[in-house]
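Q: Build me a model:
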Amino acid sequence: MKWKPPRYFLGLTAFGSFAGGIVLFKEVLSGGNYQGAERLEGKTVIITGANTGIGKETATEMARRGARVIMACRDMEKCKEARKEVALATFNKSLYCQECDLASLESIRKFAERIKKKEDQVNILINNAGVMRCKKSFTEEGIELQLGTNHMGHFLLTNLLLDKLKASAPSRIINVSSVAHMRGSIKFDDLNSEKNYDEGDAYAQSKLANILFTKELADRLQGTGVTCNAVHPGIVLTEIGRHMSIYKSWIAAMFLKPLLWVFLKTPRQGAQTTIYTALSTDLEGVSGKYFSNQKEAAVSEAAMDKEAAKRLWAISERWTRLI
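A: Prediction:
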């Protein structure tokens, strides 16, 4: 007698196939995992915002490849917890928590001084930390928080570590930007959003600033052996979106977020382009570019404005007291 599977079995099979198809679709949409086999023994990597989300996944991958990883974070308790998890996952004990609050120029300077005194080299600097679409607020020095954290803080940190990066060349700087830069503009007449503040516009301005900084820095670093590139990690489901209304609505939590899960990247998927630009041998000597899904991508017209990049650099030097 021929066996006939029960209806519930067929239903489970169909559901499994459907779920598997969704997972596969999500992986294809994300661009897949970086497949390079590079090792990082003897290399030092600094990652800002390494205690959660994309930063934590990036730290995990760098540690897995044997790097000495410095997790530069604002919250030391969260950093220590993340460090334990990364160490257990990678069997790498060369993980170090260092306080660095990007909303405080003093904190950044103290961090940079510790690095310059204690570290023999810095091979990769990943400017990953950021805030998004928060209510109007300011850094310790009175800079609008999104511009201050996402751009000014990383601008100062990078410049303070440039001598160490040059001495460690070939070395790389990766700035985590966003496709949001496409709708951004640098409002030189109201850069600090004192006349008008829109949380989305301020975020887009800070992400455009990341790319202008990347391009100007790449020009200044020609011939030093240090490269600088920017990345769009994708639309990623991480804590950075905690200020958005979807995260505050129980209705959205029940109905919309499960649907968005299909289309939003996981932190692991969001970290892949950062990992690619930090490691790929194909990018040796490549600088001043913008990448998405592990491929070079186009930037907005505003992001190609060299005069705006130079003007923003000069303002950033003054606001961060670099000069």
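Q: Look up the closest residue to Glu81, ignoring the ones flanking it.
A: What sits nearest to Glu81 in space, not counting adjacent residues and going by C-beta to C-beta, 6 or more residues apart in numbering, is Asn51, at 7.5 Å. To be clear about C-beta, it is placed using only N, CA and C from the backbone, and glycine gets the same treatment.
Q: just Ala298 next, same as before
A: Tyr290 is the one closest to Ala298 (C-beta to C-beta, 6+ apart), at 7.7 Å.
Q: helices or strands up against the helix or strand that contains Ala218?
A: Taking DSSP states H and E as the definition, Ala218 sits inside helix 199-220. The contact analysis (3 or more C-beta pairs under 8 Å, 6 or more residues apart in numbering; DSSP states H and E) places helix 199-220 against helix 145-147, helix 154-160, strand 171-176, strand 226-232, helix 306-319.
Q: sorry, back to before: what sits against the residue nearest to Ala298?
A: Ser177, Ile211, Thr214, Asn229, Ala230, Val231, His232, Glu296, Ala297, Ala298, Val299, Ala303 (C-beta atoms under 8 Å, 6 or more residues apart in numbering).
Q: Need the buried ones from those residues selected in PyMOL.
A: The following PyMOL line selects those of these that are buried, judged by 16 or more other C-beta atoms under 10 Å:
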select buried, resi 177+211+214+229+230+231+232+299+303
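Q: can I assume Gly234 sits in a strand?
A: No - counting by DSSP: H, G, I helix; E, B strand; the rest coil, Gly234 falls outside a strand, being coil.
Q: Arg268 is in contact with that one, correct?
A: No - taking contacts as C-beta atoms under 8 Å, Gly234 lies outside contact range of Arg268: 11.2 Å.
Q: Among those two, which residue is more densely surrounded?
A: Gly234 (23 against 18; other C-beta atoms under 10 Å).
Q: what sits opposite the nearest residue to that one once chain neighbours are set aside in the beta ladder?
A: In this structure, Gly234 finds its nearest non-sequential neighbour in Lys265, 4.3 Å apart by C-beta to C-beta, 6+ apart. As for beta bridges, Lys265 partners with Val236 under DSSP bridges.
Q: Where does pLDDT dip in this structure?
A: For the chain, the stretches with pLDDT under 70 are 1-31, 236-263.
Q: can you give me the helices in it?
A: 7-30, 53-64, 76-90, 105-118, 145-147, 154-160, 162-167, 199-220, 250-251, 257-263, 267-270, 272-279, 306-319 (DSSP state H).
Q: how many neighbours does Lys93 have?
A: 10.
Q: One more: Leu283?
A: With other C-beta under 10 Å as criterion, Leu283 counts 17.
Q: begin at 9 from here
A: Sounds good: first residue 9 from here, last item Leu291.
Q: Which residue, other than its chain neighbours, is closest to it?
A: According to C-beta to C-beta, 6+ apart, the nearest residue to Leu291 is Thr285 (6.2 Å).
Q: which one of the helices of the chain lies closest to Glu49?
A: helix 61-72 (11.3 Å; C-beta to C-beta).
Q: Output the contacting helices and strands for that closest one.
A: strand 52-56, strand 76-81, helix 84-98, strand 132-135, helix 275-278, helix 280-287.
Q: Just the C-alphas of the fifth one, formatted as PDB.
A: These are the backbone C-alpha positions of helix 275-278, laid out as PDB (Å, rounded to 0.1, in the frame of the first residue of the first chain):
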ATOM      1  CA  PRO A 275      23.500  43.600  11.600                       C
ATOM      2  CA  ARG A 276      25.700  40.800  10.200                       C
ATOM      3  CA  GLN A 277      24.500  41.600   6.700                       C
ATOM      4  CA  GLY A 278      24.900  45.300   7.200                       C
END
